[in-house]
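[1] Below is the sequence, then the predicted model.
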Amino acid sequence: MPSQETENRMSLITTIRKTLVPIHPEGHKFIVAFFAVSLILGFLWMPLFWIGMVFTAWCAYFFRDPERSVPQEDDYAISPADGTVSLVAMVIPPQELALSAEPMLKISIFMNVFNCHVNRAPMRGTVEHVVHREGKFVNADLDKASEENERNGLVINAAHGRIGVVQVAGLVARRIVCWVTPTMHLDAGQRFGLIRFGSRLDVYLPEGFTPRVTVGQTAIAGETMLAEFGSDKGPVLSRRQ
């Protein structure tokens, strides 16, 4: 039977592991660059070094990649991003996705520069195609960003039909990263890309899905249920208190 000292040591190790969130490899070069600039600025004037270190710490925080407990349930559409739900509406999906000419349930998640930007698959299924489209870089919190901004879309063949997931660049975002290709199988919550720095994710769901979030709600990638298939419950209602 472990001693009290051993139990305390294991508890401390567990706490440290939960606090020190892993950094996604995509961010390593940026963290090194921020640190190098901080050193150079420090030679010019020491206070600039500490200012640079603050930005270096922010960069490391931006590229954090925490583990998530993802429900593997085919009736659930899970949030693909950390952020705030900015839209829940019936909208015709982008033409390049070739999803539907009729409105589909669209749920948008806006990510600010302090959110984790690793993107995850909202449902398990097979990637049908991936399409990138050039565009503008207006504020991703605006609805028109879905139509005007640079974006990268995935179509996934899931259990209840084809769904769309679109990475949309933001005002300061200049790089959309997607590392999946057609025919790949994705599990719900599996990482498929990220966007630098500040952006949004749009999810398009077929008929039969009922939203389980409301505008203004905070979503957690891989954990928050955005919508549910086949439920006889109505949409979620909320109010600020």
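    Received, thanks. The structure displayed is predicted, hence computed values, not measured ones.

[2] show me where this protein has helices.
    4-19, 28-44, 46-62, 145-148 (DSSP state H).

[3] How about residues contacting the second one?
    What it means is helix 28-44. For helix 28-44, the external contacting residues (Cβ atoms under 8 Å, 6 or more residues apart in numbering) are 23, 48-49, 51-53, 55-56, 59-60, 63, 196. All C-beta spots, glycine's among them, are computed from the backbone N, C-alpha and C.

[4] try 6 Å this time
    48-49, 52-53, 55-56, 59-60 (Cβ atoms under 6 Å, 6 or more residues apart in numbering).

[5] Report the separation between residue 119 and residue 201.
    Distance of residue 119 to residue 201, given as Cβ to Cβ, to the nearest Å: 6 Å.

[6] shared neighbours of these two, which are they?
    Listed as contacting both residue 119 and residue 201 by Cβ under 6 Å, 6+ apart are 80-81.

[7] so how far is residue 214 from the residue sitting nearest the centre point of the chain?
    Centre of the chain computed as the mean C-alpha position; nearest residue by Cα atoms, centre = their mean is residue 81, 2.2 Å away. Per Cβ to Cβ, residue 81 is found 17 Å from residue 214.

[8] just residue 205 next, same as before
    Distance of residue 205 to residue 214, computed by Cβ to Cβ: 16 Å.

[9] who has more neighbours, those two?
    residue 205 (27 against 13; other Cβ atoms under 10 Å).

[10] Name the nearest residue to that one, ignoring sequence neighbours.
    Leaving aside its chain neighbours, residue 205 sits nearest to residue 105 (4.4 Å; criterion: Cβ to Cβ, 6 or more residues apart in numbering).

[11] now residue 192
    That would be residue 180: by Cβ to Cβ, 6+ apart, it lies 4.7 Å from residue 192.

[12] so the one you found sits right up against residue 193, yeah?
    No. Counting by Cβ atoms under 6 Å, residue 180 sits too far from residue 193 to count as a contact (7.2 Å).

[13] Who has more neighbours out of these two?
    With neighbours defined as other Cβ under 10 Å, residue 180 and residue 193 compare such that residue 193 has more, 22 against 17.

[14] as a whole number, average confidence for stretch 178-187?
    Averaged across stretch 178-187, the pLDDT comes to 93.

[15] ok, and for that stretch, which residues are buried?
    Using 16 or more other Cβ atoms under 10 Å as the test for burial, stretch 178-187 gives 178, 180, 186.

[16] give me every residue that touches the last one.
    Same thing as residue 186. residue 121.

[17] is it in a bridge, and if so with what?
    Beta bridges link residue 186 to residue 125 when assigned by DSSP bridges.

[18] Can you tell me how far it is from residue 108?
    20 Å.

[19] was I right about residue 96 contacting residue 131?
    Yes. When contacts are counted by Cβ under 6 Å, residue 96 is listed as touching residue 131 (4.8 Å).

[20] Any idea how far stretch 225-241 is from the middle of the chain?
    Centroid separation for stretch 225-241 versus its chain: 21 Å, with Cα atoms, centre = their mean, to the nearest Å.

[21] Also stretch 90-105?
    21 Å.

[22] Tell me the buried residues in it?
    91, 93-94, 97, 99, 104-105.

[23] Make a markdown table from those residues and add distance to residue 114 and pLDDT to it.
    Listed next are these as a markdown table, based on distance: Cβ to Cβ, whole Å; pLDDT from 0 to 100:
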| residue | distance to residue 114 | pLDDT |
| --- | --- | --- |
| 91 | 27 | 93 |
| 93 | 29 | 93 |
| 94 | 28 | 91 |
| 97 | 29 | 92 |
| 99 | 32 | 91 |
| 104 | 30 | 96 |
| 105 | 28 | 96 |
